[in-house]
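[1] Requesting a structural model of the entry that follows:
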Amino acid sequence: MQLSERQSIILQRLRDEGGTLSSAVISDLFDVSIQTIRKDLNALSDAGLVKRVHGGITLPVQTHNLSFHNRQVINLQAKRAIAARVAAAIPEGASLFLGIGTTLQQIAQALTQHSHLTVITNNLNAAMTLCQNPSIDTYLCGGKLRPSDQDLMGEDATRFLRRFHVNFGIFGVGGLGEDGTLLDFSPEESHISTAIMDNSEQRILVADRSKYLRSAPIKTGVLDDVDSFYTDSLPSALQTTCAAAGLHVVECLGRMSA
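    Alright, predicted model coming up:
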């Protein structure tokens, strides 16, 4: 689904409020009736982005990711802004990993303007996008194909990534806890991200605001494991955590801080 501006604001407010929001607060926020808001809440619930409860909504407890198609259009403007800023930080001739996810697909598109890159990925869409530029050397790992996520996973994929040592490791997460915990939906996803972090000189986390307080069952790491964090905007609850970790934060629809 393509989120409306009001639906995007509802999701941001839900995360700002710690994962629970009443229908009355939402209707007051937009100065409209609860009946008017109900259609937005039903649409967000149908997409799996919120859970309807008596009197309002909560963040859903998730053990699997949203469909790739849904993720392609959710927060697309934010993902493109993140991609542009990440690509601008990558020098010509660099080597890098690109992990899984729709934000990484946007980064691959932004990197097609570069030359003489070496890119290693398990992301099918990223690999196909990079084919637009013949000066970019792209290595695509083998492994088990996940049709729903359009990537390659498993021991073969992880082993392949560990054969390389690169300048930049760029990866996303399934969810981001308030304390800075990096979360994924499967052990296979976690293994891919760990391989990227272990074999990169600079580790770059990319996550739009929708990942904040989003539940996922596997702990991959913490913000201390990352060198740079690119996001559309930094939730206030994470600012102290990022500062304590000495993390370089780039807010791609806001300010930049270190």
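[2] Only C-alpha atoms from now on, for both contacts and neighbour counts.
    Noted.
[3] Find the nearest non-adjacent residue to the most centrally placed residue in the chain, please.
    What sits nearest the mean C-alpha location of the chain, by C-alpha atoms, centre = their mean, is Ala207, with 3.4 Å. Of all residues not flanking Ala207 in the chain, Thr231 sits nearest, at 5.3 Å (C-alpha to C-alpha, 6 or more residues apart in numbering).
[4] where exactly do the helices run in this structure?
    5-16, 23-30, 34-46, 68-73, 76-89, 102-111, 124-130, 155-161, 187-198, 236-244 (DSSP state H).
[5] looking at these, which has the lowest confidence?
    Mean pLDDT is lowest for helix 68-73 among those, at a mean of 50.
[6] which ones are touching the closest residue to Gly221 other than its chain neighbours?
    Nearest non-adjacent residue to Gly221, counting by C-alpha to C-alpha, 6+ apart: Leu182, 5.1 Å away. Applying C-alpha atoms under 8 Å, 6 or more residues apart in numbering, we find Leu182 in contact with 173-176, 219-223.
[7] ditto for Leu117
    So, once contact is read as C-alpha under 8 Å, 6+ apart, Leu117 ends up touching 92-96, 135-137.
[8] top of those by neighbour count?
    Leu96 (26 neighbours; other C-alpha atoms under 10 Å).
[9] Just the buried positions in stretch 86-102, please.
    86-87, 90, 95-102 (16 or more other C-alpha atoms under 10 Å).
[10] what is the residue nearest to Ala207 paired to in the beta sheet?
    Beta-bridge partners for Thr231, by DSSP bridges, are Glu251.
[11] Quick check: pLDDT value at it.
    On the pLDDT scale, Thr231 gets 94.
[12] domains in this protein, as residue ranges please.
    5-58, 68-257 (automatic domain parsing).
[13] re earlier: now render the contacts of Leu117 as TSV, adding pLDDT.
    Formatted as TSV, the contacts of Leu117 follow (pLDDT from 0 to 100):
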residue	pLDDT
Glu92	97
Gly93	97
Ala94	98
Ser95	98
Leu96	98
Ser135	96
Ile136	98
Asp137	98
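[14] So which of the residues you listed sit within strands?
    Among the contacts of Leu117, the residues falling in strands (DSSP state E) are 95-96, 137.
[15] so how far is the first residue of stretch 110-125 from its last?
    Terminal residues of stretch 110-125 are spaced 13 Å apart (C-alpha to C-alpha, to the nearest Å).
[16] All set, thanks.
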